[in-house]
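Engineer: dropping the sequence and predicted coords here.
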Amino acid sequence: MREVRLGRWIRLGLLVALVALVAAACSDVEGGSSGGGATGPTADTQVPDNRDVTITIAVSPWDGSAANANVAKVLLEDELGYTVELVEIDEFAQFPALANGDLDATLEVWPSGHGKDYKKYIESGNGVVDGGELGVVGQIGWWVPTYLVEENPDLATWEGLKGNEDLFRTAESGDAGQILDGDPSYVTFDQAIADNLGLNFKVVYAGSEAAELAALDAAYQKQEPILFYFWTPHWAHAQYDLTMIELPEVTPECEDAAVNDPDAYACGYPEDVLYKAFHEGLQEKAPAAFAFLSAMRYTNEDQNSIALEIHNGTDPVEAARAWVEANQDVWQPWVDAGLAAS
Amino acid sequence: MQERLGGSPRAAALPGRPVAAPGQHAWARRAAWVLGLGAAVALGLRLAGGFPERWVVDLARSFNAFQDWVITNQRTHPVFRYGLVPLKDLVNGSFDAIVRLLSRMTWFGLIATLSLISGAAAGWRKGVLAAVGFGSMALLGLWPESVETLALMVMAVVAALAVGIPLGIVAGRRPVVDRLLRPVLDGMQTIPAFSYLVPLVLLFSIGTTTALIATIVFALPPAIRLTSLGVRLVSRGAIEVAESFGSTRRQLLWKVQLPLAKPHIMLGVNQTIMMALGMVVIAASVGFRGLGRVVYNALQRRDVGEALAGGIAIVVLAVVLDRVTMGWSERDRRQRGVGSPRLGRWTLSRRAVWAAAVAGAVLAVVVGREVLRQQDFPTTWALSISEPVNRAVAWLTLHVSDVTEAMTGSMIRFGLDPLRDLLLGVPWWMVAGGAALAAWKVSRRPGLPILAFTCVAGVGLVGMWEISMDTLSQVVVAVASSVVLAIPIGVWSAWDDRVRRALRPILDAMQTMPQFVYLVPVVALFGVGRVPGVIAALVYALPPGIRLTDTGIRQVPRETVEAALAFGSTRWQVLTKVQLPLARPSILLGVNQTVMMVLSVVIIAGLVGGGGLGYEVIQGLSHDPGRGMVAGICILLLAIVIDRITQMMGRVRGAAPAAGASV
C-alpha cells in the first residue's frame, strides 16, 4: 500500500521536475513579457551607465506617492542610467525597510503621522537620513461637501457648526454630531478640538481610508451632510467638491499641547511639509541618485496633475513621463545635481 | 450572557435529555435560574462597573522596548547579520526563481500543466475544472499576479506541511505535546496577523519572507491538528494487532498509524491550503505583490469592481485547489485495490495516464513558447468587470441604503448598545464569574471554570477591559444573528438537494472572498460603525453554521424519520422533535465554528468603524505596536473562553442522540 503511494509522489515529482527543466532551460519569451517595463538608458552618450545599480523606491498606497516615485523612476533611468524598482508598501513598514536598506528611498513622508519614526530612525541615526522637503505641502483639516456650504454658508467655519451639530448625527454618534476619522496612521486631535471649542461632536473612527471614502461617497450621492477628517492633496478632491472648515489658527499653545498634552489641543491643524527619507547607505551606493533625490522638489500642482492622470487610469509610468516631457525646466536642476555628484 | 449564547430555548425543550425528565420540575429550575441571573445583573449594575485601573499591567511597554532594541541593533548584531538577513535573502531569491520559472512556462503552458496534473491526480473532471479556473483568472487580466500568489501558496503550504505533519504525528502519539500545543495553535489562528506584522517586518524586513512567514503561521494549525487527530483516532484494536505481531514503533507509525490517518492528513493539507489563501491580502501590506496587491490597491481607489476581480481570482484559486486536493484524496481511497482508470472501453494504467500528462505538459510549454510566443496572458484578451460592478454598487448605495440604514439603527439600539452597556455596567468579576458559571454548567468540572475566569480577568489585567467588552458585544450579536440565519437555511438545504447544490459555490465564495473586497459596499450600505463590521463577520461566519446544520440533519437515519412520519408526525414535528434534536451535536459544532470565525475577523470591524480590539490592532501598526499585540492577545483570550465552552456544550450533549433516538 505504501509503495503505491510513494510511487505516486515520485511520479508527481518527476513530472514537475521535467517541466521545470524544460522551462528553466529557456529564457524569457521575447516580446512576451510586460513590454518595455525597464526602459534602460537611452543611446544618449550623456547618460552615465549605472545599470547595475538598482534603486528601490517605496510607493505608498496613494496616487500622489505613485506620482513622485514614477517621476523619480523615469528620470533616474533615462537621465542617470540607474535601474529603478518600485515597491508598493504600506507606510508602517517603510521605516524598518529604509533602515536595513531594502528600501533606498521614500519620497513622501507626512510629518504629522511619523513623529515617532523621525525620532527613532532619523534623529537617533538608526539607518535613515532626512532627504529634505519634497515641496508638496499637505493640509489636514475638517471637511464637508461643498453643497452643504452652499446651502448654509455658516457651516464653513467652526463657529457656524455650533448649534448645527444635529445635522451630522448618526446611529453611531448618538446625541452628538459625528466627525468621521479615517486611517489611524494619521495623528488626530479631533475629539479634543471639538470638546475644547465647545462643539457637541463625537469622533467615530472609520479605521481605514477606504471606509471613510465609502461613507463620503454614499453621503455625496444622496447629498446628505457629512463632516470628516481629511486632507489635501488627495485624489478625492478631483471627484468630490469639498470645502475645508475654518478652525482657529495654530497658536504656540497648541503646538505645545500637541506634544505634551493632546487633550488641551484647540486649534486647526498645522501644514504638513512633506519630506523625503533615504537609507543611510544610499549616498555611498549611488551618489548621483542620492544627489538627484535630495534635489528633487516640485509643487502641489505638479504632483496633482500626475496623480489625477493616474487616478483616471493612466499607467503611472506614462503619466510621469508625460509630465517629464512637459516640465524639463522643473527637473533639469535635479538631474544636474545628480550629474555633478557622479 | 454566555447563557444566552449557547443555551437556546430549543436545547431546553429537548426530549431525552440525560439530566432530568421534562416537566414541572425542570421549568421551575429554569425559572429560578433566570430569576437568579436577573437579580445578579440588577445588583451588578448598581456596583461600580468595569475593571479597576490600578491592577492593569502594561505589557505593551515591553513589546515596544523590544522594537527599540531591534531598531538600534539590526545593522550590527550578529543575529541579524549572519542569521536573519541571509535567511531572508535566500527565501526571497528562491521565491523569485520559482516565479521566473513559472512565468517562463508561459501562461498557456502553465495552465495546461496545472490542469493535467490535476486531471491525472484527481480525475479528468477536476482537470477540466482547473483549466476553467486558471483560464478565468487569466481572463480577468490577473495572470502575472495569480502566478505570484500561487507560488507563495505553494511555498507556504509545503513549508507548513513539512513542519506540521511531523509535529502532528508527535502530538498524536503524545497527549502531553498535544495539550501544550493547543493554546499555541489557538493563538496562531486567532491573533490577527496585523498585530504581529510589525515585529515580523522588524525582523525580516518587507517582501516575500515576511509574507511567507505570516502565511505559514496562519496555515500551520490545521496541518498539525488534523494529523494529530488522525493519528489519535487510529483504533486501539489495529495498534494492538500490529503490536502483537511484533511491530516496532517505527513500523507501527509507517505501516499502521499513518496509512489509517491518511484521510485526516489529506483534510489537513486541504485546510492548510484554504487558510494560506486567507492571508493573500495581508501579504500585500508587507510588500508582497500578487492578487492581494490588486485588492489592496483597488480598495485604496475605492474601485470595488477591480477589488472584486482580485477577490474572484482568489476564490477561484481556492475552489480549484480545494476540489483537486479533495478529489485526489477521495479517489485514492476509492481506487485502492480497484482497477485502473478507464477511457471508454480501454483501461489505462496509472503509469500511462501520468506519462500522457507529462507529455501533454511539455508539449503545452513548447506550444506556449514557440507557437503562441506569449509569456503573459495578452492584456487585450482580458475582460474587465470593474465598470458594471461599480455601477451596480452606486445604484445599491442610492436605492437600498434607506432600508439598510434603518436596520443599522435598530441593530445598534436594540442589540449592540444594550449589550455593551450591560457588559460594561456590571463589575468585571461578574462577567468573569458568568463565564465561569457557564463553563461549570457545561463541564461540571473545576478546570474549565477556572480557565474561563482567568482568561476574562486577563483581558482586564492587560488594560483592555472596555475595548474587549465592546468587541464581545459585537461578537455576540454577530453570532446570534448568524445562528438565527444559518439554521433555517441549513434545514432548507438538507431538505432539498437543489438548494444545496446552488448554495455550495455561494458558501465557498463567502468563506474565501477576502473581506477587504466587500468592505466598501458594506460601508456604503450600513454606514461607518459597528453594524457593517457585524455584517461583514456574518458573511464570513454563516457558511460553517449552514453546512453543519445541513450535515447534521442529513445524518439523521432515514428509518427514524420514516418511523416518525408513520406515527403521523407533521413535517414540522419531524423537524423539531426528531431531526433538530438528533442534529444537535453537529449544529453546536457549527455554533462553535461560527464564534471562532467571527472572532477571526474582528479586525475587519476595526477597518469599518466598529472600533474595539480590531481598531486597536490596526492603530498599532502605525502608532503603538505593543498595544496592537496586547489587543491581539485579548482576542485570543476571548476566543479560548468561548471556544472551550461551546465545544464542551457539543461534547456533553453529544451523548444525547443515543438516548433521543430511542424515544
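Structural biologist: Structure's in. What do you need?

Engineer: which SS state does the closest residue in space to A:Met244 that isn't next to it in sequence fall under?
Structural biologist: In space, and not counting its chain neighbours, A:Met244 is closest to A:Gly141: 4.5 Å by Cβ to Cβ, 6 or more residues apart in numbering or on different chains. Every C-beta, even on glycine, is put in place using the N, C-alpha and C of the backbone. Secondary structure for A:Gly141, judged by DSSP: H, G, I helix; E, B strand; the rest coil, is strand.

Engineer: state the distance from A:Gly141 to chain B.
Structural biologist: 19 Å (Cβ to the nearest Cβ, to the nearest Å).

Engineer: got it, and A:Leu98?
Structural biologist: 10 Å.

Engineer: helix, strand or coil: sort out the most centrally placed residue in chain B for me.
Structural biologist: Residue closest to the average C-alpha location in chain B (Cα atoms, centre = their mean): B:Met597, at 5.6 Å. B:Met597 falls in the helix class when you classify it by three-state DSSP.

Engineer: grab the nearest non-local neighbour of it.
Structural biologist: Excluding the flanking residues, the one nearest B:Met597 by Cβ to Cβ, 6+ apart is B:Ala541, at 4.1 Å.

Engineer: so that neighbour is in which element?
Structural biologist: Taking DSSP states H and E as the definition, B:Ala541 sits inside helix B:530-554.

Engineer: domain assignment for the chain?
Structural biologist: With no chain named, the answer covers chain A. Domain assignment for chain A, taken from automatic domain parsing, gives A:50-137+A:272-341, A:138-271.

Engineer: oops, chain B please
Structural biologist: Using automatic domain parsing, chain B is parsed into the domains B:79-384, B:387-661.

Engineer: reformat those domains as JSON lines; add distance to A:Ile55 and mean pLDDT.
Structural biologist: As requested, these are exported to JSON lines (distance: least, Cβ to Cβ, whole Å; pLDDT from 0 to 100):
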{"stretch": "domain B:79-384", "distance to A:Ile55": "16", "mean pLDDT": "85"}
{"stretch": "domain B:387-661", "distance to A:Ile55": "26", "mean pLDDT": "87"}
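
Engineer: what's the closest of those domains to A:Gly198?
Structural biologist: Closest approach to A:Gly198 among the domains of chain B (Cβ to Cβ): domain B:387-661, 24.8 Å.

Engineer: so how far is the closest one from its chain's centroid?
Structural biologist: Centre-to-centre, domain B:387-661 and its host chain are 12 Å apart (Cα atoms, centre = their mean, to the nearest Å).

Engineer: cool, and stretch A:296-312?
Structural biologist: Taking Cα atoms, centre = their mean, one finds the center of stretch A:296-312 at 12 Å from the center of the full chain.

Engineer: residues in contact with that stretch?
Structural biologist: For stretch A:296-312, contacts defined as Cβ atoms under 8 Å, 6 or more residues apart in numbering or on different chains pick out A:63-64, A:66-68, A:70-72, A:107, A:132-137, A:232-233, A:235, A:238-239, A:276, A:316, A:319-320, A:322-323, A:327, A:330-331, A:334, B:301.

Engineer: which positions in it come out as buried?
Structural biologist: A:296-298, A:300, A:302-311 (16 or more other Cβ atoms under 10 Å in any protein chain shown).

Engineer: pull the most distant pair out of those.
Structural biologist: A:Arg297 and A:His311 (22.7 Å).

Engineer: that older thread, report the beta-bridge partner residues of the residue nearest to A:Met244.
Structural biologist: Per DSSP bridges, the residues bridged to A:Gly141 are A:Phe230.

Engineer: can you pull the contacts of whichever residue of the stretch 201-342 of chain A sits closest to chain B?
Structural biologist: Closest residue of the stretch 201-342 of chain A to chain B, Cβ to the nearest Cβ: A:Ala214 (3.9 Å). Contacts for A:Ala214 (Cβ under 8 Å, 6+ apart) come out as B:302, B:519-521, B:523-524, B:528.

Engineer: one more pass at 10 Å, please.
Structural biologist: By Cβ atoms under 10 Å, 6 or more residues apart in numbering or on different chains, the contact list for A:Ala214 reads A:206, A:208, B:299, B:302, B:304, B:393, B:397, B:519-525, B:527-528, B:532, B:608.

Engineer: filter those residues down to just the ones in helices.
Structural biologist: Cross-referencing the contacts of A:Ala214 against helices under DSSP state H gives B:299, B:304, B:393, B:397, B:519-525, B:532.
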